[in-house]
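Enquirer: sequence first, predicted coordinates after that:
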Amino acid sequence: MRERMKTEEFVARVTAPLKEAVTLSAGFDARVRRAVAEAARPWWRRQRTFTLSPLGSLAMAAGLAGIVLFSGLGALRMFPAPVAVVAQAPDTVHVVRFVFADPAARQVSIAGDFNGWSRSATPLEDVAGSGHWSVELVLKPGRHEYVFIVDGERWVADPYALRQRDEFGQESSVLRVGGQVMRGA
Amino acid sequence: MTYRAEPAVSEEMEGLTDAALVAASRRGDQQAFAQLVRRHRDRHARFAARMLGDQDEAEDVLQSVFMRAWRHLGHCEDPERFGAWLHRIVVNECRTFASRRGQREMKLVRDEASLDGLSAEDVTRDPALRSLIDQALAALPTDLREAFLLKHVEELEYEEMAELTGAGVSALKMRVKRAIERLRERLEGVTDA
């Protein structure tokens, strides 16, 4: 009986701090909403990467040229004017440098559709200790939404990028990276 | 410009049952799902944080949990018990993440502090003692840590634990017992209660 009481007392002491409530960061709900919104998009509107070999690129370009030719004959007019589709080179990469200035910040990270709106996956570095935080990311071509998260709590839109506001009034930044170039022939 | 994320959820949403919110979410209503997130996130945050020993990782895992829930709402057979269904996903995600990461290298510094003669409240207030306990907990194998937390922190019954984990009651009792033994070994000298 005495041993059992000792165990109960030990467990009570050990678990006392573990039972304290854990408060999620202020941006948690917004990150989940963003991720859900991304997942809820139709598949053709999600961010996707298609890696093509040079031969595959040629085949795709030939296929697209066929579609354009077909539409040009009037059977299926997809575009208001004849267009040429320039398939992106398969080895093209887009390195984007994100910069955020806040000398008072203790830590800065970036959350966006490219990292599942993770708060911790992509930290920025203040190499010089001057409050200029930066990170370089390789991004897929297309439209990207993101925010900076300061000190794990504050959700900050990029002051130098386009912004959008969701139905809850939450603002985020929008960046368009590379992608297929469509231009008039 | 800085914003604090505090989504405005309508009072109508707040009054809906889990089953109604699940039904709406299945129809694609993201605001209904946001209300489910708000309703259930906090109760699972503590378990995830204790299981993983890191709040940032816990938040990422919890986010992943809700994404899995969103994608697989159709598999929630009893929407009235959405909370229990979600809890199973939390346990599985934490277990998977913890196992993938592997056990952390623990460097337990003995004689740094002592629990002797201190109350549970004293332990809670002392950062050094809390750190010792966190380290001892993190050093446990995943299955033992999971069982200990579910039993003694989340205060579940063994039958509930069995439903969540898929393990038998006897096995869970053994895991809890072994977890306590290992914690005592780790904290020996500072927990001579």
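Expert: In hand now; what should we look at? Residues are numbered from 1 along each chain as shown, chains lettered A, B, ... in the order given.
Enquirer: how far off centre is stretch B:82-94?
Expert: Distance of stretch B:82-94 from the chain centroid (CA atoms, centre = their mean, to the nearest Å) equals 9 Å.
Enquirer: grab the CA positions of it and hand them over as CSV.
Expert: Provided in CSV are the C-alpha atoms of stretch B:82-94 (Å, rounded to 0.1, in the frame of the first residue of the first chain):
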residue,chain,number,x,y,z
PHE,B,82,-16.3,13.3,-34.5
GLY,B,83,-14.1,14.2,-31.5
ALA,B,84,-13.2,10.5,-30.8
TRP,B,85,-12.5,9.9,-34.5
LEU,B,86,-10.3,13.0,-34.6
HIS,B,87,-8.5,11.8,-31.4
ARG,B,88,-7.5,8.6,-33.2
ILE,B,89,-6.0,10.6,-36.0
VAL,B,90,-4.1,12.7,-33.5
VAL,B,91,-2.7,9.7,-31.8
ASN,B,92,-1.7,8.0,-35.0
GLU,B,93,-0.1,11.2,-36.5
CYS,B,94,1.9,11.9,-33.3
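Enquirer: and the helices in the chain, which stretches?
Expert: By default, I'm working from chain A. Taking DSSP state H as the criterion, chain A contains helices spanning A:2-18, A:28-40, A:54-72.
Enquirer: try again with chain B
Expert: B:11-14, B:18-26, B:30-52, B:55-71, B:82-101, B:120-125, B:127-138, B:142-148, B:158-165, B:169-186.
Enquirer: how about the residue nearest the centre of chain B, what does it touch?
Expert: Central residue of chain B (CA atoms, centre = their mean): residue B:47, 1.6 Å from the mean position. Each residue near residue B:47 by CB atoms under 8 Å, 6 or more residues apart in numbering or on different chains is listed here: B:90-91, B:94, B:149-150, B:153-154. C-betas here are computed from N, CA, C, even on glycine.
Enquirer: model confidence score at residue 27, please.
Expert: This is for chain A. Looking at residue A:27, its pLDDT is 81.
Enquirer: actually it's chain B I care about, not the one you picked
Expert: 91.
Enquirer: that one: neighbour count?
Expert: 8 (other CB atoms under 10 Å in any protein chain shown).
Enquirer: and what of residue B:24?
Expert: Residue B:24: 18 surrounding residues under other CB under 10 Å.
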